[in-house]
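S.K.: Below are the sequence and a predicted model; questions follow.
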Amino acid sequence: MDNNTLLTLVCILIAVIALLVCISLFFIYTLEEKNAHQRHVIDVLLSTIKKLKVQNDNSMKHTHLIPSLLLALTLISCTHRQQPVRDRSDLAGAWVLRHVEYPSGTEEGYSMQGDGTSCLIYDHENRLYACNISTTPTGLLVKPTAATTVTLVDKGGGEWLYLEDGDPHPLRVTDSTITIQRMGILYTYASADGLYSEWGDDIRDIIDSQPAGPDPANDQKYVLSVRERQLANYIYWLVTLIAIVIIFAVANHIVNRRRRQQLQLQLRQIQEVQENRPPTVRQAAKSVEDAFLASDEYAALGRRMATGSLMKAEEWQQVEHSLKTVYPGFTAQLQSLYPMSDVEYHTCLLIKLRIPTKDIVAVLAREANTISSLRKRLYKKVFDREGGAKDWDDFILSIGT
């Protein structure tokens, strides 16, 4: 594998890793399942990647581990929806009021339709953000209530004490509900992980932006638009796509620039070899070439080409052998310039043997304009400028002698 191919593969790998990172982060922060276990595993994986980057900054020893870790991030973020396992000392998530039971036995049900229902959002420090929330045709309607800190005290036997602003309330927690008792009234809240993952940050920001202290006159409500969220997601993916395109464009530019630099170096080396040969060596090479062109072997080769039939693999090997005998450096110099296809390579061999274009066309089973375009294209690739078919032929005839 040559250096250009290796550099291209490395640039592609970088672009793929960047794409995987974007996809992983998107799923991690938008899918519903963001429980504590996932967050812990993600933190460990990200920490491992950082350590590998530091420890192997100048080595490729663990490069193969990075795609595996990123794939693990993606798989974790895309796991099938399951009921999260709650840490009894952590209420993190969103909870919406569904049921109220009074001491008299009267019960009431609540939903997010109409006037809405109470919503409690807890972070991992048991910071409470309370609001009233209801659905609208375009999203959610949020009315901030309060922000405070709560504490959980384990009383044993499955019972907990819920301290809110220093006021104790009995609490029972299950995987999908919490029940808080206030003044003999039981308030049952249902888990709303989808609401938490989609709108949790926005709701907390709204409540944090409210002035401290009670304000009875403040009855302000906020609309969280689904359309705006979708637009933000579209913009996110558009920016990601543009970033990937830019990465590929930069990588392609780097590869092409490096290839041109290497090609110019090869051309200079070929030119130096040709110019620095002593006159005696030039004369000897010319004598060998003249003798070959006048030989029976060359005449037989010309007759074979004139038949116009396709050549077999062993015949092409014989052509290469003849060229290496007369022009020892030709094939090596030719192959160092550009990774050619079989048709391009065979065309150059026949040009070096001074085979007429009509016979080249017949032997390779190509149209005359195809062979002409091929030679022009090779000249453009090697010299990075426009040139004709004859310009390429003259170059081929000048090297390897």
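M.R.: Sure thing, it's come through. Numbering: from 1, shown residues only.
S.K.: Can you list the helices and strands that the strand or helix carrying residue 332 packs against?
M.R.: Using DSSP states H and E, residue 332 sits in helix 330-337. Helices and strands touching helix 330-337, by 3 or more CB pairs under 8 Å, 6 or more residues apart in numbering; DSSP states H and E, are helix 226-275, helix 313-326, helix 342-352. All C-beta atoms are positioned from the backbone trio N, CA, C, and that covers glycine.
S.K.: Any idea how many residues pack against residue 309?
M.R.: Neighbour count of residue 309, defined by other CB atoms under 10 Å: 12.
S.K.: go on, the one 5 residues further on?
M.R.: Counted with other CB under 10 Å, residues neighbouring residue 314 total 7.
S.K.: Any idea how far the helix holding residue 332 is from the middle of the chain?
M.R.: When C-alpha coordinates are averaged (CA atoms, centre = their mean, to the nearest Å), helix 330-337 and its chain have centres 36 Å apart.
S.K.: Would you mind writing the CA trace of that helix as PDB?
M.R.: This file holds the C-alpha atoms of helix 330-337, laid out as PDB (Å, rounded to 0.1, in the frame of the first residue of the first chain):
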ATOM      1  CA  PHE A 330      11.300   2.400 -17.700                       C
ATOM      2  CA  THR A 331       8.700   0.300 -16.000                       C
ATOM      3  CA  ALA A 332       9.900   1.400 -12.500                       C
ATOM      4  CA  GLN A 333       9.800   5.100 -13.500                       C
ATOM      5  CA  LEU A 334       6.400   4.700 -15.100                       C
ATOM      6  CA  GLN A 335       4.800   2.900 -12.100                       C
ATOM      7  CA  SER A 336       6.300   5.500  -9.700                       C
ATOM      8  CA  LEU A 337       4.300   8.300 -11.400                       C
END
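S.K.: Show me where the stretch 51-200 of the chain dips below the pLDDT cut-off.
M.R.: Where the stretch 51-200 of the chain drops to pLDDT under 70, the residues are 51-90, 157-158.
S.K.: Just the strands from it, written as ranges.
M.R.: Assigned by DSSP state E, counting those that start in this stretch, the stretch 51-200 of the chain shows strands spanning 93-101, 107-109, 117-122, 127-136, 139-156, 159-164, 167-173, 177-182, 185-191.
S.K.: now the ones you listed as JSON lines including distance to residue 353?
M.R.: JSON lines is the format used below for those (distance: least, CB to CB, whole Å):
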{"stretch": "strand 93-101", "distance to residue 353": "78"}
{"stretch": "strand 107-109", "distance to residue 353": "93"}
{"stretch": "strand 117-122", "distance to residue 353": "81"}
{"stretch": "strand 127-136", "distance to residue 353": "81"}
{"stretch": "strand 139-156", "distance to residue 353": "76"}
{"stretch": "strand 159-164", "distance to residue 353": "92"}
{"stretch": "strand 167-173", "distance to residue 353": "87"}
{"stretch": "strand 177-182", "distance to residue 353": "87"}
{"stretch": "strand 185-191", "distance to residue 353": "80"}
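S.K.: Please, which helix or strand holds residue 355?
M.R.: With DSSP H and E as criterion, residue 355 is part of no helix or strand.
S.K.: Grab the nearest non-local neighbour of it.
M.R.: Spatial nearest neighbour of residue 355, chain neighbours left out: residue 305 (5.2 Å); criterion: CB to CB, 6 or more residues apart in numbering.
S.K.: Check whether the one you found really touches residue 346, as I assumed.
M.R.: No: between residue 305 and residue 346 there is no contact under CB atoms under 8 Å: 11.5 Å.
S.K.: can you state the direction angle for the helix holding residue 332 and helix 342-352?
M.R.: 140 degrees (axes from the mean of the first three to the mean of the last three CA atoms, to 10 degrees).
S.K.: Mind listing what's buried along helix 330-337?
M.R.: For helix 330-337, the neighbour count (16 or more other CB atoms under 10 Å) marks 330-331, 333-334, 336-337 as buried.
S.K.: so what's the residue nearest to residue 326 when sequence neighbours are not counted up against?
M.R.: Closest residue to residue 326 apart from its sequence neighbours, by CB to CB, 6+ apart: residue 292 at 4.6 Å. When contacts are counted by CB atoms under 8 Å, 6 or more residues apart in numbering, residue 292 touches 298, 322, 325-326.
S.K.: As a quick check, tell me the outermost residue of this structure.
M.R.: Centroid-distance maximum for the chain: residue 104 at 60.7 Å, with CA atoms, centre = their mean.
S.K.: Find the nearest non-adjacent residue to residue 376, please.
M.R.: Excluding its sequence neighbours, the residue lying closest to residue 376 (CB to CB, 6+ apart) is residue 389, at 5.6 Å.
S.K.: I'd say the one you found and residue 380 touch.
M.R.: No: Residue 389 is not in contact with residue 380 according to CB under 8 Å; the separation is 11.3 Å.
S.K.: Brilliant, that's me finished.
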